[in-house]
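# pasting the sequence and the predicted model now:
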Amino acid sequence: MSMSTAMTLGLHLFTAHVGGDAAAEHLQPVNPGIYFRAESGATVGAYRNSYGRASAYAGMTWQTSDGRFALTVGGVTGYPAAKVLPVVSPSVRLPLGDDGYALRVAYLPKAPCVGTAHGLHIALERRF
């Protein structure tokens, strides 16, 4: 994997929670937010998390040379279990045309010893 080859601006949209007892935890599926990924791979963002709290994150993203597959590693705030939790999220980019827009589908694994559900997250992004 290599670092990003272009700057990306994205909008966080929805998360489908899978496994565990997601319904009992009252996890919210709509997670509006925004993120920016620099050409270097540095990634920052903020969103309303599944618990209805504000979250912010920072990390690094590595992508395949065609930008289709990526792995983001970093830390995130806003969850009840800890002030900062680790993030390790693989994703796939699904282009919507030739103008740089795409859907990003990310897998959000359950953090160790925290929560019970995994997530499948959808974002809309554009490369510049």
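Cool, the structure landed.

# tell me the first helix or strand C-terminal of the lowest-mean-pLDDT helix or strand in the chain.
Sorting the helices and strands of the chain by mean pLDDT, DSSP states H and E puts strand 2-3 at the bottom, at a mean of 55. Later in the chain than strand 2-3, the nearest helix or strand by DSSP states H and E is strand 8-18.

# tell me the phi and psi of the residue nearest to residue 83 when sequence neighbours are not counted?
For residue 83, ignoring the flanking residues on the chain, the nearest one in space by Cβ to Cβ, 6 or more residues apart in numbering is residue 77 at 6.4 Å. Where C-beta positions appear, they are placed from N, C-alpha and C, glycine not excepted. For residue 77, the backbone dihedrals (degrees, to the nearest 10) come out as phi -110, psi 170.

# quick check, central residue of this protein?
residue 106 (5.8 Å; Cα atoms, centre = their mean).

# contacting residues for that one?
72, 89-91, 120-121, 123 (Cβ atoms under 8 Å, 6 or more residues apart in numbering).

# let's see that with 6 Å instead.
89, 91, 121 (Cβ atoms under 6 Å, 6 or more residues apart in numbering).

# residue boundaries of the helices in the chain?
Applying DSSP state H to the chain gives no helices.

# sorry, back to before: the residue nearest to the centre of the chain and residue 35, how far apart?
11 Å (Cβ to Cβ, to the nearest Å).

# can you pull the contacts of residue 104?
For residue 104, counting by Cβ under 6 Å, 6+ apart, the contacting residues are 91, 93, 123, 125.

# would you mind checking the residues you listed for buried ones?
91, 93, 123, 125 (16 or more other Cβ atoms under 10 Å).
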